[in-house]
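1. Kindly generate the corresponding structure for this input.
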Amino acid sequence: MPSAWLSDLTRASVWLKLETVQATGSYKIRGATNALARLKAARPDVTIVTTASAGNHGQAVALAASTLGIRARVHLPATAPDAKRRAIARLGAEIVDAPTYDAAEARAHEEAERDGAIYLSPYNDADVIAGAGTVALEMLDERPEIDTLIVPLGGGGLLSGTAIVARARIRNALMVGTEAAASPVFTAALAAGRPVTVDVHDTLADGLAGNMDADSQTFGIVRDLVDRVMLVEESDIAQAMRDLILKERLVAEGASATAVAAICAGDLDLQGRNVGVILSGRNVDAHVIARVLS
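-> Okay, the predicted model is just below:
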């Protein structure tokens, strides 16, 4: 979808990739479907998978698992929006609560090791990354002139898949990841030269919040293939969510809005470029929408 508003603001040609209209309301269905379909083909006897999620990956796993005849158990943090929690339950997955995302991920790993279940990471999995990369394949098939990609960044699955595709398809591509300042996981990791644990605070971009695995393959991919990681403040995320509703009539959750907020901050020189912006999901509670609009 072309964005006249953002194009005028940046003096660039800006296109929005609407993963907000996916079956589960986010791009996560791509990675979960790819990973579970490949798992089922390799291990037809698999009966249950477990995962940790801020919400969107959990929905995707629940839908993909039910389609393939696999039971799913999703470990969720207390901060997961009600909209995401209800959708996971409606899709038939079992929910296990944890106080934080980091605790949910730790407990899911422990459960998999204890019970011999299959653990499916929302980001640290080659098949999940490959599935996420199909977003960029579609963008470039439809708009081959795109030379810049701006992508929300949490655990790095979407940015990793996008960057792999972009480096293969676009000469001199500009790759930008956008993460919430409340959860500066990659900013800290890139500064340290390895994944490190950071303090994670409440954020509108709940889908991006939480530390990554110490051995996450996404760290090396982002380090080697991405030009810049930008931190986005809460006020700018709220403004971007508001602007997307008022200017584009699009509902986007905070994680999606980080990409737009990074553009609006004015720290990127995009003049003359052809820019693809991934709106990664729409699953936000109504009371949050009301709050940012007011």
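2. Please make it C-alpha for all contacts and neighbour counts, starting now.
-> Will do.
3. Quick check: residue 268 is in a helix.
-> No - counting by DSSP: H, G, I helix; E, B strand; the rest coil, residue 268 is not found in a helix; it is coil.
4. mind starting the numbering at 2 from now?
-> All set: I'll call the first residue 2, so the last point we hit is now residue 269.
5. From residue 149, how far off is it?
-> 11 Å (Cα to Cα, to the nearest Å).
6. Counting neighbours, go ahead and name the busier of the two.
-> A count of neighbours by other Cα atoms under 10 Å puts residue 149 above the other of residue 269 and residue 149, at 20 against 13.
7. Let me see the contact set for the more buried one.
-> Listed by Cα atoms under 8 Å, 6 or more residues apart in numbering, the contact partners of residue 149 are 174-177, 274-277.
8. How about residue 167?
-> Going by Cα under 8 Å, 6+ apart, residue 167 touches 137, 174.
9. want to throw the contacts of residue 149 into JSON lines with pLDDT, distance to residue 115 and secondary structure?
-> Shown next, in JSON lines, are the contacts of residue 149 (pLDDT from 0 to 100; distance: Cα to Cα, whole Å; DSSP: H, G, I helix; E, B strand; the rest coil):
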{"residue": "174", "pLDDT": "94", "distance to residue 115": "44", "secondary structure": "coil"}
{"residue": "175", "pLDDT": "97", "distance to residue 115": "43", "secondary structure": "strand"}
{"residue": "176", "pLDDT": "98", "distance to residue 115": "40", "secondary structure": "strand"}
{"residue": "177", "pLDDT": "98", "distance to residue 115": "39", "secondary structure": "strand"}
{"residue": "274", "pLDDT": "97", "distance to residue 115": "51", "secondary structure": "coil"}
{"residue": "275", "pLDDT": "98", "distance to residue 115": "49", "secondary structure": "strand"}
{"residue": "276", "pLDDT": "98", "distance to residue 115": "46", "secondary structure": "strand"}
{"residue": "277", "pLDDT": "98", "distance to residue 115": "43", "secondary structure": "strand"}
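10. Buried among the residues you listed? Need that as a selection in ChimeraX.
-> Buried members of the contacts of residue 149, defined by 16 or more other Cα atoms under 10 Å, are picked up in ChimeraX with:
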select :174,175,176,177,274,275,276,277
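11. Pipe the contacts of residue 149 into JSON lines and attach distance to residue 239 per row.
-> JSON lines is the format used below for those (distance: Cα to Cα, whole Å):
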{"residue": "174", "distance to residue 239": "28"}
{"residue": "175", "distance to residue 239": "25"}
{"residue": "176", "distance to residue 239": "23"}
{"residue": "177", "distance to residue 239": "20"}
{"residue": "274", "distance to residue 239": "26"}
{"residue": "275", "distance to residue 239": "25"}
{"residue": "276", "distance to residue 239": "22"}
{"residue": "277", "distance to residue 239": "21"}
